[in-house]
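Engineer: Next come a sequence and a model predicted from it.
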Protein chains: 2
Amino acid sequence: MELDQIVQEVQAAVANNDWQQGIELLRPLPAPDLAYVLCECDPEMALNFLRRYTPKEQSSIFGYLRPAMQSELAELMSRSELTELFALMDHDERADLYNRLSEDERLSILPGLAHAEREDIRMLASYEEGTAGAIMTSAYISLSQNLTAAEALQRIRQEAPDAETIYQIYIIDDQRHLIGTISLRDLLLAPSSTKLSSVMVTDVIHCRVNDPQSEAAHFIAHYDLISLPVIDDTDRLVGIITHDDALDVTQEESTDDQMRLGAVDGSPAMSLKDASIGTLYRMRVFWLVILVFGNVFSGAGIAYFEGLIESMVALVFFLPLLVDSGGNAGSQSATLMVRALATGEVRMRDWFQMLSKEITVAVLLGVSMAAAVSLVGLVRGGAVLAFIVATTMILIVIVGSVIGMSLPFVLTRFKMDPASASAPLITSICDAAGVLIYFNVANLMLDFPA
Amino acid sequence: MELDQIVQEVQAAVANNDWQQGIELLRPLPAPDLAYVLCECDPEMALNFLRRYTPKEQSSIFGYLRPAMQSELAELMSRSELTELFALMDHDERADLYNRLSEDERLSILPGLAHAEREDIRMLASYEEGTAGAIMTSAYISLSQNLTAAEALQRIRQEAPDAETIYQIYIIDDQRHLIGTISLRDLLLAPSSTKLSSVMVTDVIHCRVNDPQSEAAHFIAHYDLISLPVIDDTDRLVGIITHDDALDVTQEESTDDQMRLGAVDGSPAMSLKDASIGTLYRMRVFWLVILVFGNVFSGAGIAYFEGLIESMVALVFFLPLLVDSGGNAGSQSATLMVRALATGEVRMRDWFQMLSKEITVAVLLGVSMAAAVSLVGLVRGGAVLAFIVATTMILIVIVGSVIGMSLPFVLTRFKMDPASASAPLITSICDAAGVLIYFNVANLMLDFPA
């Protein structure tokens, strides 16, 4: 809230040509907040403010800007500014930025950077998006096992300004193979003449460059790590992933699941505000059109029973109500199951056990809802209709729940994302099932020749 | 996968009465993995294995166990075992466990604990669930500003074994007011004779005990913190929240949003496997029954047009397809908007700007879907029906999208959780709107006297 007020005041100051006032307003803000305000300005204005900071400060603020704003600023910056920025930015963030630059921009900055920096950028930028390699940083502290604790502390003091974290130190051999790790806490507690080899932990929890980033984040969460080392195909240490990146990944993954459950395709990192009409269209059209055809089955079911409907149009009154209830119960089951599968709490082999529980719950829910709906049935069409509607309701809720809980398992079985069992997909399937159940029950009870 | 294999081998070993084999299998596992395996055993077996570890190790493993297993083990343990466990567990975890104990169990362990421990447990256990106070720990390092860097390091070494983190140090005055902070990194880099007062950061990002835990987690994510200090009503430092807790909260919050979007009530920390039938029933029945009555409106709409339907039963074929498309488009919009509101990317004042974008996208989607469905319309009922169905589709997708994107805003406006705009709720509203649109369009085109 306060930040939004600062945004308004800064823009008012600039509108009055009072840049000094704007600078004063921004001065007390920490980098993430400053970046937030700058993202609300137009790029020229943002660059103008950014230039009031030292190069080191600029690189820190820049890392917190939204990707779209980073790209726009990079375009506006002079070649020397951009080169200096690249030399100072966090290694993982600059590799991401590098991947978003145009070919021209890349070629213009590379010659200005030291050889080691160029190699580092190329290495980090080469990993596929979504892998551990793509989010790791190369700014970690690695030491030899022959150092004493005192020597190690000395080295850490020297390297601290360039390292992303100094709280977990990695021990490597001459070929850069990861052979151990020690926390700064344990290092501080170790007697100063002890060799690292005798205090380091040798079973190091790690991941590989091509592991999915969600797995790396899961490791960090599961083992409460500050950072997770990443090794390449030859077991060499090439980077680390820090706890704050794990938090970002976790948020992205949950957005991704949420979007799938809502039948939306697209990158979870996307900004809804910045997204183009075309992007938004593409994110949604696939499932909407697929589901149109899915719903043809419900229509066909209805068409099959046209004679029955014509003879008792009152049945149609209850159609949306009954059919939706199956979809709603199914969406609930799918929501719970997708989550439990994502956290690993429930696994494939638990399906049968979950099923019997689900059916019990569904029967209870179905009876409750049947009670609610049979009142409406009595009023609208008498006892027979009430009975038809109540029976259908129980069956539909059971079938819907079983579909909703089973689909995520089925998708997992076929190596698909269980979160693709979106509410709209479940609704479509349950609709078709619901139509068939409803009219068959009605047919049976009314003894109508279909 | 490997862990599941260990579970099976351990259980096979115990079945053969070969406990030693089981112990050997568990020995190499880090605490979180060991806890995972123990949670798959029955409580007696788990306790038997747990007792093979030192009290300190036991307390660490215990902290990773699922809440239900913790409670069962606490019941099985002797009074002295439980008291020792309490003395050694992480402060935030033991406060949570304390809150789950029976009154008898609490009374049996309190006398065995030191006065300071008892006070600490009572203090931490007193905060309401969901607040920053409820997830904070009191095991932090706080120092006076008059210490030199060297003295501070000495103190940190002494206190390290009991502190949850030593990587961020808090500076307090005589009344325990939070007046500054310094990272261990900056402390290591400071000259040894410098006073903390001259190197500490004085604008400390903090939260208050009664702030929601989601806000605390948001601060940690936004500012990339290792830990966040928590102050009470009198500005005294009372605890810290660490980065790993922020990760847990983030996961919980996203589960919470996902459950709301799926129309499920209940605690996100709940285990689907451990939940009783009664709990599962209560989580789902409220929304299901509410939505039954919501769908009565759709039924009433259909009833109103009974004459029209009787005259052209083919219209019913397209009813689920059209009506569901509105709900699907609406679910997509709501999904995107709930997420954008949750991350703070979109705010109340953005509603109008988002609306115009949404309508443009909806028109494009509506036209695409109309094209798909008019084919079906042509085949089933000729040109007029195809035209009715196509026109209806465009209108329904626009109306559904606007409802889906606006409802989260409306809920926010009335201080409700935007994620309550669940797919099933949107579907019910869009269904009623869809029925009215469809039959009104048909009425108009067929010129039927309603």
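Structural biologist: Arrived safely, thanks for sending.
Engineer: A:Asp162 against A:Tyr140, yeah?
Structural biologist: No. Taking contacts as CB atoms under 8 Å, A:Asp162 lies outside contact range of A:Tyr140: 9.9 Å. For every residue, glycine as well, the C-beta is placed using N, CA and C.
Engineer: Neighbour count: these two, which is higher?
Structural biologist: A:Tyr140 (25 against 12; other CB atoms under 10 Å in any protein chain shown).
Engineer: does the more buried one really touch A:Ile171, like I thought?
Structural biologist: No. Between A:Tyr140 and A:Ile171 there is no contact under CB under 8 Å: 11.6 Å.
Engineer: Can you name the residue of the stretch 1-150 of chain A nearest to chain B?
Structural biologist: Distances between the stretch 1-150 of chain A and chain B by CB to the nearest CB are smallest at A:Pro32, namely 5.3 Å.
Engineer: give the contact list for the residue lying closest to that residue once chain neighbours are set aside.
Structural biologist: Distances taken as CB to CB, 6 or more residues apart in numbering or on different chains place A:Tyr64 nearest to A:Pro32, at 4.8 Å, with adjacent residues excluded. A:Tyr64 sits next to A:31-32, A:34-36 when contact means CB atoms under 8 Å, 6 or more residues apart in numbering or on different chains.
Engineer: How about A:Ala163?
Structural biologist: A:Ala163 neighbours (CB under 8 Å, 6+ apart): A:139-141.
Engineer: Let me see the confidence value for it.
Structural biologist: Among the per-residue scores, A:Ala163 shows a pLDDT of 91.
Engineer: the longest helix in chain A is where?
Structural biologist: Using DSSP state H to assign secondary structure, the helix with the most residues in chain A is helix A:351-413.
Engineer: Check which helices and strands it sits against.
Structural biologist: helix A:314-317, helix A:319-342, helix A:423-446, helix B:277-304 (3 or more CB pairs under 8 Å, 6 or more residues apart in numbering or on different chains; DSSP states H and E).
Engineer: for the first one, packing partners?
Structural biologist: Packing partners of helix A:314-317 (3+ CB pairs under 8 Å, 6+ apart): helix A:306-311, helix A:351-413, helix A:423-446, helix B:277-304, helix B:306-311.
Engineer: Backbone dihedrals for A:Asp174, please?
Structural biologist: Here is the backbone geometry of A:Asp174 (degrees, to the nearest 10): phi -60, psi -30.
Engineer: burial count for the closest residue to chain B within the stretch 351-450 of chain A?
Structural biologist: When scored by CB to the nearest CB, the stretch 351-450 of chain A has A:Ala423 as its residue closest to chain B, at 3.4 Å. Using other CB under 10 Å, A:Ala423 is surrounded by 31 other residues.
Engineer: gap between it and A:Ser126?
Structural biologist: Going from A:Ala423 to A:Ser126 by CB to CB, to the nearest Å gives 39 Å.
Engineer: With A:Gly299 instead?
Structural biologist: 51 Å.
Engineer: Mind checking which of those two has more residues around it?
Structural biologist: Shown here are A:Gly299 and A:Ser126; by other CB under 10 Å, A:Gly299 has more neighbours (22 against 12).
Engineer: Quick one, grab the pLDDT at that one.
Structural biologist: 84.
Engineer: what's the neighbour count on the closest residue to it other than its chain neighbours?
Structural biologist: Take A:Gly299 and drop its neighbours on the chain: the residue closest to it by CB to CB, 6+ apart is B:Phe317, 4.2 Å away. B:Phe317 has 24 neighbouring residues, counting by other CB under 10 Å.
Engineer: so B:Phe317 makes contact with B:Arg380?
Structural biologist: Yes. With contact defined as CB under 8 Å, B:Phe317 and B:Arg380 form a contacting pair (6.0 Å).
Engineer: what is in contact with those two at once?
Structural biologist: Residues touching both B:Phe317 and B:Arg380 (CB under 8 Å, 6+ apart) are A:Ala303.
Engineer: A:Met416: neighbouring residues, count only.
Structural biologist: 12.
Engineer: what are the phi and psi values for it?
Structural biologist: phi -110, psi 160.
Engineer: From A:Val338, how far off is it?
Structural biologist: For A:Met416, the distance to A:Val338 (CB to CB) stands at 12 Å.
Engineer: From chain B, how far off is A:Phe297?
Structural biologist: Separation of A:Phe297 from chain B (CB to the nearest CB, to the nearest Å) stands at 9 Å.
Engineer: Find the nearest non-adjacent residue to that residue, please.
Structural biologist: A:Ala432 (4.1 Å).
Engineer: Among the helices and strands packed on helix A:314-317, which comes closest to A:Val285?
Structural biologist: Smallest distance to A:Val285 across these (CB to CB): 13.1 Å, for helix A:423-446.
Engineer: by contact count, what packs against the closest one?
Structural biologist: helix A:277-304, helix A:306-311, helix A:314-317, helix A:319-342, helix A:351-413, helix B:319-342, helix B:423-446.
Engineer: Put the alpha carbons of it into CSV.
Structural biologist: This file holds the C-alpha atoms of helix A:423-446, laid out as CSV (Å, rounded to 0.1, in the frame of the first residue of the first chain):
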residue,chain,number,x,y,z
ALA,A,423,-12.2,-28.5,-13.2
PRO,A,424,-13.5,-27.8,-16.7
LEU,A,425,-12.3,-31.2,-18.0
ILE,A,426,-13.8,-33.1,-15.0
THR,A,427,-17.0,-31.1,-15.5
SER,A,428,-17.3,-32.1,-19.1
ILE,A,429,-16.8,-35.8,-18.4
CYS,A,430,-19.1,-35.7,-15.4
ASP,A,431,-21.7,-33.9,-17.5
ALA,A,432,-21.9,-36.6,-20.0
ALA,A,433,-22.0,-39.3,-17.3
GLY,A,434,-24.6,-37.2,-15.5
VAL,A,435,-26.9,-37.0,-18.5
LEU,A,436,-26.8,-40.7,-19.1
ILE,A,437,-27.4,-41.5,-15.4
TYR,A,438,-30.3,-39.0,-15.1
PHE,A,439,-32.3,-40.0,-18.1
ASN,A,440,-31.7,-43.7,-17.6
VAL,A,441,-33.0,-43.5,-14.0
ALA,A,442,-36.0,-41.4,-15.2
ASN,A,443,-36.6,-43.9,-18.0
LEU,A,444,-36.5,-46.8,-15.6
MET,A,445,-38.8,-45.2,-13.1
LEU,A,446,-41.3,-43.7,-15.6
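Engineer: ok, which stretches of the stretch 101-250 of chain A are strands?
Structural biologist: With strands called from DSSP state E, counting those that start in this stretch, the stretch 101-250 of chain A shows them at A:142-143, A:168-172, A:178-183, A:207-208, A:227-231, A:237-242.
Engineer: now the ones you listed as TSV including mean pLDDT, distance to A:Asn48 and mean neighbour count?
Structural biologist: Formatted as TSV, the entries for the strands of the stretch 101-250 of chain A read as follows, by pLDDT from 0 to 100; distance: least, CB to CB, whole Å; neighbours: other CB atoms under 10 Å in any protein chain shown:
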stretch	mean pLDDT	distance to A:Asn48	mean neighbour count
strand A:142-143	96	40	18
strand A:168-172	97	39	23
strand A:178-183	96	43	20
strand A:207-208	96	42	20
strand A:227-231	97	36	24
strand A:237-242	96	32	25
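Engineer: how deep is the residue nearest to A:Asp417 when sequence neighbours are not counted tucked in, by neighbour count?
Structural biologist: Distances taken as CB to CB, 6+ apart place A:Arg260 nearest to A:Asp417, at 6.2 Å, with adjacent residues excluded. Neighbours of A:Arg260 under the rule other CB under 10 Å: 22.
Engineer: Give the other helices and strands that whichever helix or strand A:Arg260 is part of contacts.
Structural biologist: Assessed by DSSP states H and E, A:Arg260 sits inside helix A:243-261. Contact here means 3+ CB pairs under 8 Å, 6+ apart; on that basis helix A:243-261 packs against helix A:213-222, helix A:319-342, helix B:213-222, helix B:243-261, helix B:319-342.
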